[in-house]
Every structure is written in C-alpha cells, then in structure tokens.
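1. sequence first, then the predicted structure, then my questions.
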Amino acid sequence: MLVVKSVNVRENFKEWCDKISRGETVVISRPRNENIYMINETEYNALQKAKRNAEYLAMLDKSDEELKAGKIVVKSISELEEMEN
C-alpha cells in the first residue's frame, strides 16, 4: 500500500494509474483525514463480491432465526401454483 498526497497524484496521474493497474493500493492523503483509496478493477470486483456474500449470509442467518422461532408458513405445491395465477 502506498500513501501519497493529492497534489502528487494530480502531477503524476498516469504513473499512479500504472501502479494501481499492477495491483498496488494507493491511499491519497487529504486534509481532515478524508483519505481516498484507489484500487484496480480486480480488487474492486472482489470487494463487491465479498459485500454481496456478506449480505446473502446475513439474510440466511435471519431466515434461520425465523425458522427456529417458528415464524414459517407452510404451503403445498398446488397452493403455490394457485398463487401464481
């Protein structure tokens, strides 16, 4: 991980983009600790996948808790088919 001031990124944007493309994470230091992280597309996609997985697992945990608490509705296949019409 590299840390750089925003003025350096502006002056050498292509250089920093090349480093990020090669897998470096760049932290752009800004006033009042409003830092920015620059990552490549592969890393971004991995973070988004991890976020979706965490949300899905949380939904499964909630469903499991509802099942254990008896908060379920039982329907037959024919009842479900009737609901589609």
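-> Now that the structure is in, tell me what you want to look at.

2. and stretch 20-29, what's its mean pLDDT?
-> The average of the pLDDT scores along stretch 20-29 is 95.

3. do the same with stretch 52-64
-> 96.

4. can you give me the helices in the protein?
-> Here the chain has its helices, by DSSP state H, at 6-11, 13-21, 41-68, 77-84.

5. the third one vs helix 13-21, what angle?
-> Right, the one you point to is helix 41-68. Interaxial angle, helix 41-68 versus helix 13-21 (axes from the mean of the first three to the mean of the last three CA atoms, to 10 degrees): 50 degrees.

6. so what does helix 41-68 touch, helix or strand wise?
-> Using 3 or more CB pairs under 8 Å, 6 or more residues apart in numbering; DSSP states H and E, no helix or strand is in contact with helix 41-68. (Each C-beta comes from the backbone N, C-alpha and C, glycine too.)

7. I'd like the distance from it to the chain centre, please.
-> Remark: helix 41-68 is offset 9 Å from the chain centroid, using CA atoms, centre = their mean, to the nearest Å.
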